[in-house]
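1. Compute the structure for the input listed below.
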Amino acid sequence: WLVPPCTRFVVKECRSMLSVGIPMTDEVTRVRALMTQMETLMFPILADETKAAEVGKRVQLWVENLFVFSLVWSVAGVIDGASRTKFDAFFRDVAAGKPPDGYADVDGVFGVATPWLAFLPAGATCYEYVFNQNNHKWQLWMETIT
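-> Okay, here's the model as predicted:
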């Protein structure tokens, strides 16, 4: 329920720094990138039995947050700075179950927003956070540099 409105918003309302020039192809390419990134982030977990057992206890938290991270960077990762601010506000509204007018029924019926276990914190844009796989929390990118 998040992907259709987000891809449509990026195509219609944002300035992309990279495009193939065909809106529908751009949307499909972004969704494919989302799945590839999600698979890439999950692979180390699936390849390590110890890590898989640890994650298994909190699988919903991991899947939700790796999906959010993947969606931001695949669907809206190549938009310009001004568009990123617009996308951040849009994304937070949609994820909270409050899609703006015109985005509730993109490609069908808007899904039911359920409470997130640990959604992106407020205080910075979605582009400034990374899901820390060691402590299972969102963290500012700059805090990862030591």
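2. heading toward the C-terminus, what's the first helix or strand past the helix or strand of the chain with the lowest mean pLDDT?
-> Ranked by mean pLDDT, DSSP states H and E, the weakest helix or strand in the chain is helix 49-56, scoring a mean of 79. Per DSSP states H and E, the first helix or strand lying C-terminal to helix 49-56 is helix 59-75.
3. so how far is the least confident helix or strand of the chain from its chain's centroid?
-> The chain centroid and the centroid of helix 49-56 are separated by 23 Å under CA atoms, centre = their mean, to the nearest Å.
4. contacting residues around that helix?
-> P44, I45, L46, W62 (CB atoms under 8 Å, 6 or more residues apart in numbering). The C-beta positions use only the backbone N, C-alpha and C, and glycine is treated the same way.
5. surely D93 meets P100?
-> Yes. Using CB atoms under 8 Å, D93 is in contact with P100, at 6.3 Å.
6. hmm, back to that, may I see the buried residues of the least confident helix or strand of the chain?
-> The neighbour-count check on helix 49-56 (16 or more other CB atoms under 10 Å) flags V55 as buried.
7. Equivalent analysis for stretch 64-83, please.
-> For stretch 64-83, by 16+ other CB under 10 Å, it's 64-79, 83.
8. what does the lengthiest helix in the chain contact?
-> For the chain, the helix with the greatest residue count under DSSP state H is helix 23-47. With CB under 8 Å, 6+ apart as the test, helix 23-47 has contacts from 3, 7-8, 10-11, 16, 19-20, 51-52, 55, 62, 66-67, 69-71, 73-75, 133.
9. quick one: A122 from T50, how far?
-> Remark: distance between A122 and T50 (CB to CB, to the nearest Å) = 34 Å.
10. What of P44?
-> P44 is 11 Å from T50, by CB to CB.
11. do F9 as well
-> F9 sits at a distance of 39 Å from T50 (criterion: CB to CB).
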